[in-house]
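Q: Here is my input; please provide its structure:
(chains A and B)
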Amino acid sequence: GAVVSQHPSRVICKSGTSVKIECRSLDFQATTMFWYRQFPKQSLMLMATSNEGSKATYEQGVEKDKFLINHASLTLSTLTVTSAHPEDSSFYICRAPGNNGYTFGSGTRLTVV
Amino acid sequence: AQKVTQAQTEISVVEKEDVTLDCVYETRDTTYYLFWYKQPPSGELVFLIRRNSFDEQNEISGRYSWNFQKSTSSFNFTITASQVVDSAVYFCALSEARTGFQKLVFGTGTRLLVSP
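A: Alright, predicted model coming up:
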């Protein structure tokens, strides 16, 4: 079945630094990748949709310049949190398209100190 | 607009009790999918079930069962004889045909605590 590999699983960074999170589709090609953010004890909220070969689509209220999304190839989508601050600490998880429900990455827990 | 409501924020039960997690959804689409996911403390999302809007048959998988009722826009999840390993956050989610089933909207989740 379709597998999405996400890494790192955990990252701790200092305020002001940037962090890159990668999601790779291992056995299929993904022209689109959905990025979600989950604050502690809250639900998953869609942040943006990356599209291979074109600009990402951001949900309302999500800062494009802060959360840089790149879909470099049909198997790789990246989310870069730029100039991270403690309020960016969250769980980030990607999902490849498909209605089978399976194709989530394993998530990245970001802690900004 | 699509919306998923999980009114129960947290449920605590003792092992071997049965527990039902409620999910109510809103959609204008006639064709849609409903999902349940389990999120253990490690964070990953574990897929439990997908149900399309044309299939109202209830489903049973081991200790898990799902009751889909379009008349009340509900898709409830029951765990029979709960176990400590069932402790997790459970999310109900919805995707609609008008988005090509690509956008997945989650409920706020229900935290289930099963104590020994």
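Q: wouldn't residue B:73 be in contact with residue B:24 here?
A: Yes. With contact defined as Cβ atoms under 8 Å, residue B:73 reaches residue B:24; the gap is 5.7 Å. Any C-beta I mention is one placed from the backbone N, CA and C, and that applies to glycine too.
Q: near chain A, which residues of chain B?
A: B:33, B:35, B:37, B:43-45, B:47, B:49-50, B:91, B:95, B:101-109, B:111 (Cβ under 8 Å from any Cβ of the partner chain).
Q: Buried ones from these, can you make that a PyMOL selection?
A: Buried subset of these, written as a PyMOL selection, criterion 16 or more other Cβ atoms under 10 Å in any protein chain shown:
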select buried, chain B and resi 33+35+37+43+44+45+49+50+91+95+101+103+104+105+106+107+108+109+111
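Q: Please identify the helix or strand for residue B:65.
A: Using DSSP states H and E, the element containing residue B:65 is strand B:64-69.
Q: now the strands: where do they sit in chain B?
A: B:3-5, B:10-14, B:19-21, B:24-26, B:32-39, B:46-52, B:59-61, B:64-69, B:74-79, B:88-96, B:105-106, B:110-115 (DSSP state E).
Q: How about chain A?
A: So, for chain A - with DSSP E - the strands run A:4-7, A:10-13, A:19-25, A:32-38, A:45-51, A:54-58, A:67-73, A:76-81, A:90-95, A:108-112.
Q: Residue B:80 is nearest to which of these?
A: Nearest of those to residue B:80, taken as Cβ to Cβ: strand A:32-38 at 28.4 Å.
Q: quick revisit: tell me the most buried of the strands of chain B?
A: Using mean count of other Cβ atoms under 10 Å in any protein chain shown, the stretch among those with the largest mean neighbour count is strand B:88-96, at a mean of 23.
Q: returning to that earlier point: and the angle for the strand holding residue B:65 with strand B:74-79?
A: 160 degrees (axes from the mean of the first three to the mean of the last three Cα atoms, to 10 degrees).
Q: what's the residue lying closest to residue B:82 once chain neighbours are set aside in contact with, if anything?
A: Nearest residue to residue B:82 in three dimensions, chain neighbours excluded: residue B:114, at 4.7 Å (Cβ to Cβ, 6 or more residues apart in numbering or on different chains). The contact partners of residue B:114, taken as Cβ atoms under 8 Å, 6 or more residues apart in numbering or on different chains, are B:12-15, B:17, B:19, B:82-87.
Q: again, only this time at 10 Å
A: B:11-17, B:19, B:79, B:82-88 (Cβ atoms under 10 Å, 6 or more residues apart in numbering or on different chains).
Q: Now for residue B:73 and residue B:24: what residues contact both?
A: Shared contacts of residue B:73 and residue B:24 (Cβ under 10 Å, 6+ apart): B:3-5.
Q: Which of those residues sits closest to chain A?
A: Nearest to chain A among the shared contacts of residue B:73 and residue B:24: residue B:4, at 8.8 Å, using Cβ to the nearest Cβ.
Q: separation between the residue lying closest to the closest one once chain neighbours are set aside and residue B:67?
A: Distances taken as Cβ to Cβ, 6+ apart place residue B:107 nearest to residue B:4, at 3.8 Å, with adjacent residues excluded. Using Cβ to Cβ, to the nearest Å, we find residue B:107 at a distance of 16 Å from residue B:67.
Q: Lovely, talk soon.
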